[in-house]
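Trainee: Need a 3D model of the sequence below.
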Amino acid sequence: MSPPVAILSPHFDDAVLSCWDVLSGPGDVLVVNVFAGLPSPGASPGWWDAMCGLHDSHAVVQERLAEDRAALALAGREPVNLDFLDHQYRDGGQPTEPIVSALRGVLPAHAVVLAPGSLACEPLHPTLPEPHPDHLAVRSAALELARRGFEFGLCADLPHANARGWPRWVLDGARRDRSAAAEADHPAEMWRAALASSGLIADQLAPEVHRLTAPAFARKLEAIRRYASQLPMLEEGFGRLDDPELLGYEVTWRAPAAA
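Mentor: Residues are numbered from 1 along each chain as shown. Just a heads-up that it's a prediction; the model follows:
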């Protein structure tokens, strides 16, 4: 029997956007939304909420909780929500250890942890660096879990990771054993640098490219549309989400075992 997979989703829509192939596949899959905490009633809206035209962040998060449950239900999954506040609702960074402690309280003992690769390249707001701090925090927590014995892998966090296009080896269906010349394209180099920033060496990772079939992509779109509060700004920032060149491919890596 395959071990359970735990998708660590920084925000409510990240698991569906990036990992539909895993979500809708066989086996035991747990989705953990890390930054799912409720802002205080009456708090000023976060910058992203304001860009979306939403002005009551407490109500927005409640709505997004419902949207996420509806989206994941299409894959037969239910989320576990942690109470850490999204970057837009807090001042300063988020330490890694509290996330690790909270995750160890909800993860099955033998779970394979799947975390965002933090491969983003295009900032959506002048005050927000890329990769997104929340994605980096979740990746850091996953790396710490790996040091404590969990198997772990990474995923390309869509649509941020391919905002400047896909590496050619993804569209070619190629593996990482292609020549350096074949990989000398800008998205590929950005991905390599992002993975290196975590201490991982891209050539030591085993990527899997998942090209969704037409029915699977249609089902993924049906789930994405459940995130109605987010769709206008996502499409303004990244283009049409029904474009299979944008969200019809997914990439995961299985990281080597920790020494």
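Trainee: show me what contacts residue 7?
Mentor: 15, 19, 22-23, 29-32, 114, 155 (C-beta atoms under 8 Å, 6 or more residues apart in numbering). (C-beta placed from N, C-alpha, C; glycine too.)
Trainee: three-state assignment of it?
Mentor: What DSSP: H, G, I helix; E, B strand; the rest coil gives for residue 7 is strand.
Trainee: Can we start the residue count at 492 from this point?
Mentor: New numbering, starting at 492: the last item is residue 498.
Trainee: Now do the same for it: its pLDDT.
Mentor: The per-residue pLDDT reported for residue 498 equals 98.
Trainee: re the thing from before, what's the most distant pair in the contacts of residue 498?
Mentor: 521 and 646 (14.7 Å; C-beta to C-beta).
Trainee: quick one, which of these two is more surrounded?
Mentor: residue 646 (27 against 20; other C-beta atoms under 10 Å).
Trainee: Buried residues of the longest helix that the chain contains, list them for me.
Mentor: Secondary structure of the chain per DSSP state H: the longest helix is helix 548-564. Buried residues in helix 548-564, counting neighbours by 16 or more other C-beta atoms under 10 Å, are found at 548, 551-552, 554-556, 558-559, 562-563.
Trainee: tell me what it is packed against?
Mentor: Under the contact definition 3 or more C-beta pairs under 8 Å, 6 or more residues apart in numbering; DSSP states H and E, helix 548-564 sits against helix 505-514, strand 570-572, helix 705-715.
Trainee: Is it possible to get TSV of the buried residues of helix 548-564 that adds distance to residue 717 and pLDDT?
Mentor: Formatted as TSV, these follow (distance: C-beta to C-beta, whole Å; pLDDT from 0 to 100):
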residue	distance to residue 717	pLDDT
548	20	93
551	15	94
552	15	96
554	11	96
555	10	97
556	12	98
558	5	98
559	8	98
562	4	98
563	9	98
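Trainee: The chain: strands as residue ranges?
Mentor: Taking DSSP state E as the test, the strands found in the chain are 496-500, 520-524, 570-572, 603-607, 642-646, 697-702, 740-745.
Trainee: Any chance of the ones you listed in TSV with distance to residue 534 as columns?
Mentor: Compiled in TSV, these are given as follows (distance: least, C-beta to C-beta, whole Å):
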stretch	distance to residue 534
strand 496-500	23
strand 520-524	19
strand 570-572	18
strand 603-607	26
strand 642-646	31
strand 697-702	39
strand 740-745	35
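Trainee: of all those strands, which lies closest to residue 622?
Mentor: strand 603-607 (8.2 Å).
Trainee: List the contacts of the residue lying closest to residue 725 once chain neighbours are set aside.
Mentor: Leaving aside its sequence neighbours, residue 725 sits nearest to residue 732 (C-beta to C-beta, 6 or more residues apart in numbering; 6.3 Å). The contact partners of residue 732, by C-beta under 8 Å, 6+ apart, come to 650, 712, 715, 722, 725-726, 738.
Trainee: Can you tell me which of those comes closest to residue 626?
Mentor: residue 650 (12.8 Å).
Trainee: Now tabulate the buried residues of helix 548-564 in CSV and tack on distance to residue 635.
Mentor: Output for those, formatted as CSV (distance: C-beta to C-beta, whole Å):
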residue, distance to residue 635
548, 29
551, 30
552, 26
554, 32
555, 27
556, 27
558, 30
559, 25
562, 28
563, 26
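Trainee: now, which of those sits nearest residue 663?
Mentor: Nearest member of the buried residues of helix 548-564 to residue 663, counting by C-beta to C-beta, is residue 562, at 30.5 Å.
Trainee: quick one: the closest one from residue 630, how far?
Mentor: As judged by C-beta to C-beta, to the nearest Å, residue 562 and residue 630 stand 23 Å apart.
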